[in-house]
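Asker: One predicted model, sequence on top.
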Amino acid sequence: MLKTLAHFFLPRHSNNQRARAIHSQIIFLVVLLLFGSSFLISTSKKNLSGVLGVSVNVSTSDLLNLTNQKRAEAGLSPLQLDGQLSQAAEAKAQNMFAKGYWAHFAPDGTSPWDFIKGAGYPYVYAGENLARGFSSSGDVVNAWMASPDHRANMLSAHYSDVGFAIEQGPLPGDASTVLVVEMFGSKYLAAQQPQAPPVVASVETGNTQQPTPTVAPQITNAPTPTTVPVLAAVKKQPLLDSAFITKATSLFLLSLFLLIFGLDVVVTESRQTVRLAGHSFDHLLFLLGILAIAISIGFGVVG
Amino acid sequence: MKKHLGYYISFFIILAGGVYLSLQGNGDKSLTLRFVGLFAFAYVVWGLLHHLVHHSMTVRIVIEYIVVALLGVAVIVFILNGGV
């Protein structure tokens, strides 16, 4: 038993002075297994999503509560969930899926406030935060708070309302991702203020211009139609969490190979073994780089 | 080790660049994969040049570097496939 283990993990006479586990044939077998498993996981995620998939729990109620919690900590008033802003966010999300882009401005130049105006929300200030690929509401809000521009939007005293869209669909570079659109706004009070032309609202930065009153204000007292906010959510709790399984397996495999290559370097150096093979030290460094990528790789990004 | 110093300095540049670029593609799986692929390719070229200059290149060594590079790519593909 010990001999078998030594044969597999340590350089010795029986394995031609190189641990069997790091012979090219074995590594190639592992590569084939990884590619095969990747294919199986992709197929299972599509066809057996209840069994194998990614645990996702992103909801409007959680996003709203967490956003307002951050605002309360900063001494700001809470945002009200607004149906029209939620409608605008929903339209923006659908537009991104339909036109295949991930940006504040559509390829045809459509701006975030075009969607807000389209939903009938008469804004004075407006802003937009985007997020994709996160699996929980907390991760989304934390990522926005960690980005100065998004944080400025979340903690802006100019906003009184907020709307969310949470959708799953294809975006460039990803066949299926969870997309979150957060639209901020504050309405002008038609009965109290002269009507102002729309202002250039912020995208991420929260830098807004003061509205310029028109020379001949047209005051309208017509009530703004109210829209009941839809509490959107993407929640999935498959039996097996593929994100956890793949990451844990990968980290284990990488650590194992790093250990074996490390042992190989130490043993061959101490024995001054002469052999015609690739440098284990090179492989060790390369796999350390891959380990760093594997550990740091995250799925969420804000925009 | 001294005679390899230049090679390892160049390798650390490849390593740092590869890791940095791969993390820039965060959120965009295909971009991340392209950068990891580029890193792996640069590693194979660097490793083979290293052996070529020291007159120790054989077919087995070529295969070894390619297989280790493929292992790196396969691990990242595996993780990306499991994610959101």
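Answerer: It's in. Numbering: from 1, shown residues only, chains lettered A, B, ... in the order given.

Asker: which residue ranges form the strands in chain A?
Answerer: Ranges of strands in chain A, per DSSP state E, are A:52-53, A:56-59, A:80-81, A:123-132, A:161-171, A:174-187, A:233-236, A:240-241, A:301-302.

Asker: Centre of the chain to the fourth one, how far?
Answerer: What that stands for is strand A:123-132. Put simply, strand A:123-132 sits 17 Å off its chain's centre (Cα atoms, centre = their mean, to the nearest Å).

Asker: same thing with the first one?
Answerer: The gap between where strand A:52-53 is centred and where its chain is centred comes out at 18 Å by Cα atoms, centre = their mean.

Asker: what about the stretch 51-200 of chain A, any weak spots by pLDDT?
Answerer: A:189-200 (pLDDT under 70).

Asker: Next, whichever residue of it sits closest to chain B: phi, psi?
Answerer: Residue of the stretch 51-200 of chain A nearest chain B, by Cβ to the nearest Cβ: A:Gly173 (3.5 Å). Where C-beta positions appear, they are placed from N, C-alpha and C, glycine not excepted. Here is the backbone geometry of A:Gly173 (degrees, to the nearest 10): phi 90, psi 0.

Asker: wouldn't it be in contact with B:Asp28 here?
Answerer: Yes. Applying Cβ atoms under 8 Å, one finds A:Gly173 in contact with B:Asp28, separated by 3.5 Å.

Asker: More neighbours: which of the two?
Answerer: B:Asp28 (20 against 17; other Cβ atoms under 10 Å in any protein chain shown).

Asker: ok, now which ones touch the more buried one?
Answerer: A:102, A:172-174, A:301 (Cβ atoms under 8 Å, 6 or more residues apart in numbering or on different chains).

Asker: List buried residues within the residues you listed.
Answerer: A:102, A:173-174, A:301 (16 or more other Cβ atoms under 10 Å in any protein chain shown).

Asker: sorry, back to before: and the contacts of B:Asp28, which two are furthest apart?
Answerer: A:Pro172 and A:Val301 (11.9 Å; Cβ to Cβ).

Asker: By residue count, which helix of chain A is the longest?
Answerer: Among the segments of chain A that qualify as a helix by DSSP state H, the longest is helix A:242-271.

Asker: And chain B, is that helix touching that?
Answerer: Yes. Helix A:242-271 reaches chain B (Cβ under 8 Å from any Cβ of the partner chain) through A:242-247, A:249-250, A:253-254, A:257.

Asker: out of those, who's nearest chain B?
Answerer: Of all these, chain B sits closest to A:Thr246, with 2.8 Å by Cβ to the nearest Cβ.

Asker: And the helices in chain B?
Answerer: With helices called from DSSP H, chain B shows them at B:5-24, B:29-53, B:59-82.

Asker: For those, give me a markdown table that also has distance to A:Lys117 and mean pLDDT.
Answerer: Shown next, in a markdown table, are these (distance: least, Cβ to Cβ, whole Å; pLDDT from 0 to 100):
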| stretch | distance to A:Lys117 | mean pLDDT |
| --- | --- | --- |
| helix B:5-24 | 34 | 86 |
| helix B:29-53 | 33 | 91 |
| helix B:59-82 | 38 | 93 |
